[in-house]
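S.K.: model the following, please.
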Amino acid sequence: MEEALYGPEGFYRRPEGPAGHFRTSVHASPLFAGAVARLLCRVDAALGHPGELAFVDMGAGRGELTAGVLAALPADVAARTRAYAVERAARPEGLDPVIEWRAEPPADVTGLLFANEWLDNVPLDVAERAPDGAVRQVLVHTDGTEELGAPVAGPDAAWLARWWPLGPEAGLRAEIGRPRDEAWAAALATLTRGLAVAVDYAHTRADRPPFGTLTGFRAGREERPVPDGSRDITAHVALDACALPDALLLTQRAALRALGVSGDRPPLALASSDPAGYVRALAGAGQAAELTAAGGLGDFGWLTQPVGMPLGDVLTP
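M.R.: Okay, the predicted model is just below:
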């Protein structure tokens, strides 16, 4: 998975970038970047308006979210904001030079760290209950064929026992999320004060999928997760395992509504008094509905983790 996604010929090195294969919330509507900009403003206020405010975009793709957030900020906040796009691929051409492009997040910053669909691409291993009763590693060849390996042991076995215990039936699978927990903890450690947010398709211990979620995507289609560099390889995130004390888990639907994004239709009376305004409001409502839709983007999990600050009313409407 590491080689297929991030190696020299890996999926995330491809020139078309992720947007050439699938739509995230960032690509669905500028309303998403606007909501993140409002969240950054609320964090700024909660921090007492520090002299320099960081916006760290983890897994930045081609910098679309970073650019959108900067464009949506009020001028006074934008003037104090230092923007970092964290991505292992090369810096894209034409990106605003004010955005700092980095392979690793900056250390000792104050502000908002935002990871939109980053953790689902942190490589992990898969385990399966074998016919002999053991929980074994799933080994994958570059053509996608699989075989069962050694029993899962050590810290991985301890993680499964706590966060994803498998039943006795042969064929049940789990995705060992320990690398995601560690990646998230490392990202949090770069914040001196502020808020960290991870947004991803997710599940909790109460509703883990019995056969896992590992899959591939290419050109807008779901495909087998063949690790040959031609497609995205992704698995949903056990966000409850990543969460530290004081974290808040909520859906994207709830988070975006708290940040002013609603799919409610504009009042019909506006069509008579301001027809052009009504059309714009209707288009915005459609985009908001996509971002918050049940069964779609609205079901994403938001893990919000305060660091050195109270979460307070940051995500209250």
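
S.K.: when you work out contacts or count neighbours from here on, use the C-alpha atoms and nothing else.
M.R.: Noted.

S.K.: ok, Leu191 - contacts?
M.R.: 107-111, 113, 307 (CA atoms under 8 Å, 6 or more residues apart in numbering).

S.K.: what is it paired to in the beta sheet?
M.R.: Val109 (DSSP bridges).

S.K.: re the thing from before, report the buried members of the contacts of Leu191.
M.R.: Listed as buried from the contacts of Leu191 are 109-111, 113, 307; burial here means 16 or more other CA atoms under 10 Å.

S.K.: make a markdown table out of those and add pLDDT.
M.R.: As requested, the buried ones among the contacts of Leu191 are exported to a markdown table (pLDDT from 0 to 100):
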| residue | pLDDT |
| --- | --- |
| Val109 | 98 |
| Thr110 | 98 |
| Gly111 | 98 |
| Leu113 | 98 |
| Val307 | 97 |
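
S.K.: pLDDT weak spots in this structure?
M.R.: 19-22, 263-286, 317 (pLDDT under 70).

S.K.: now the strands for it?
M.R.: Per DSSP state E, the chain has strands spanning 53-58, 81-86, 100-102, 109-116, 125-129, 135-140, 146-151, 173-176, 191-200, 215-218, 221-223, 232-234, 248-251, 301-307. These are given in chain order.

S.K.: could I get those strands as TSV with distance to Val314?
M.R.: Compiled in TSV, these are given as follows (distance: least, CA to CA, whole Å):
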stretch	distance to Val314
strand 53-58	16
strand 81-86	18
strand 100-102	26
strand 109-116	12
strand 125-129	35
strand 135-140	41
strand 146-151	44
strand 173-176	32
strand 191-200	9
strand 215-218	34
strand 221-223	36
strand 232-234	30
strand 248-251	11
strand 301-307	10
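
S.K.: circling back to that earlier point, can I get the buried ones among the contacts of Leu191 in TSV with distance to Gly296?
M.R.: As requested, the buried ones among the contacts of Leu191 are exported to TSV (distance: CA to CA, whole Å):
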residue	distance to Gly296
Val109	33
Thr110	32
Gly111	29
Leu113	24
Val307	30
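
S.K.: of those residues, closest to Leu73?
M.R.: Gly111 (13.8 Å; CA to CA).

S.K.: you'd agree the closest one is up against Asp57?
M.R.: No: contact criterion CA atoms under 8 Å: Gly111 and Asp57 do not qualify, at 11.3 Å.

S.K.: which residue ranges make up the domains of the chain?
M.R.: 2-123+177-307, 125-163 (automatic domain parsing).

S.K.: single out the most deeply packed of those domains.
M.R.: Per-stretch averages of neighbours, counted by mean count of other CA atoms under 10 Å, single out domain 2-123+177-307 among the domains of the chain, with a mean of 19.

S.K.: could you give the separation of that domain from the chain centroid?
M.R.: Averaging C-alpha positions (CA atoms, centre = their mean, to the nearest Å) puts domain 2-123+177-307 5 Å from its chain's average.

S.K.: how long is it end to end?
M.R.: Terminal residues of domain 2-123+177-307 are spaced 29 Å apart (CA to CA, to the nearest Å).

S.K.: in the sheet, who's paired with the nearest residue to Pro151 once chain neighbours are set aside?
M.R.: Once flanking residues are discounted, Pro151 sits nearest to Arg136: 4.0 Å by CA to CA, 6 or more residues apart in numbering. With DSSP bridges as the criterion, Arg136 is bridged to Glu128, Pro151.

S.K.: residues in contact with Arg136?
M.R.: Here Arg136 is in contact with 127-130, 148-152 (criterion: CA under 8 Å, 6+ apart).

S.K.: could you do Ser230 as well?
M.R.: Per CA under 8 Å, 6+ apart, neighbours of Ser230: 4, 10-11, 218.

S.K.: can you put these in JSON lines and add distance to Asp299?
M.R.: What follows is those, written out as JSON lines (distance: CA to CA, whole Å):
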{"residue": "Ala4", "distance to Asp299": "27"}
{"residue": "Gly10", "distance to Asp299": "29"}
{"residue": "Phe11", "distance to Asp299": "26"}
{"residue": "Arg218", "distance to Asp299": "22"}
